[in-house]
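Participant: Attaching a predicted model along with its sequence, questions to come.
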Amino acid sequence: MNSISAKEFLITTVLVSAFVGFSYGIDCYYCDPTDKGCDDPIAAGKGYPNCDGLTGNNNPMTRVLDQERERVENKTQISYICGAVKVSNKQNKTFEGIYRTCLLNTTTADHCKILKNEFENEKFGQVVECLTCDEALCNSWTLDNFKNSSPESFTSVLLYTFLSCFFVVYVI
């Protein structure tokens, strides 16, 4: 039986870890102001669906997602990004706050413009801020500062930096 060298093992590990996140799709926080804990999903231990399973027409976020999916010709090539919008609604405070969702990963759509129009058309309120990101669970911005508070993104960067440095120093 042949044993694998440390160099081969490291190269394989780096390559596999670089692509493992893409093989299962992406998870994004999905909630609205009526959901308990949506203001800070990390602190609340908020659950999250895989974007592939998210569907329905019960709010502007899923309607936009379903409409985007309908426009895609090759349904097997669908990939996602995460997004969040901060909404103001002076007439109905129930709809005011942060909405988190999955969006199609496409360079041709202006997701924030589409969400803004959908929220206003459906009388959910005015989108005052909109952010998108492309890592799992990266749409965890808090209501107070609407800033990414996700430790997962920082941890991933540290891990890949460490592996890259290790690879350069000990393998090459």
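Facilitator: Happy to help now that I have it.
Participant: Show me where the protein has its helices.
Facilitator: For the chain, the helices defined by DSSP state H occupy 6-23, 60-71, 111-121, 151-170.
Participant: Lowest average pLDDT across these?
Facilitator: Note on the helices of the chain: helix 6-23 shows the lowest mean pLDDT, a mean of 44.
Participant: buried stuff in stretch 63-72?
Facilitator: For stretch 63-72, a neighbour-count test (16 or more other Cβ atoms under 10 Å) marks 63-65, 68 as buried. Using the backbone N, CA and C atoms, a C-beta is placed for each residue, glycine as well.
Participant: Could you export the residues you listed as TSV, including distance to residue 30?
Facilitator: Converted to TSV, the buried residues of stretch 63-72 look like this (distance: Cβ to Cβ, whole Å):
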residue	distance to residue 30
63	13
64	12
65	10
68	15
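Participant: Looking at those, which is nearest residue 101?
Facilitator: residue 65 (6.7 Å; Cβ to Cβ).
Participant: Next up, the contacts around that closest one.
Facilitator: Taking Cβ atoms under 8 Å, 6 or more residues apart in numbering, we find residue 65 in contact with 51, 54-55, 101-104.
Participant: among these, which one has the lowest pLDDT?
Facilitator: Lowest pLDDT among those: residue 55, with 83.
Participant: Report how many residues lie close to that one.
Facilitator: 11 (other Cβ atoms under 10 Å).
Participant: was I right about it contacting residue 62?
Facilitator: Yes - contact criterion Cβ atoms under 8 Å: residue 55 and residue 62 qualify, at 6.5 Å.
Participant: All set now, cheers.
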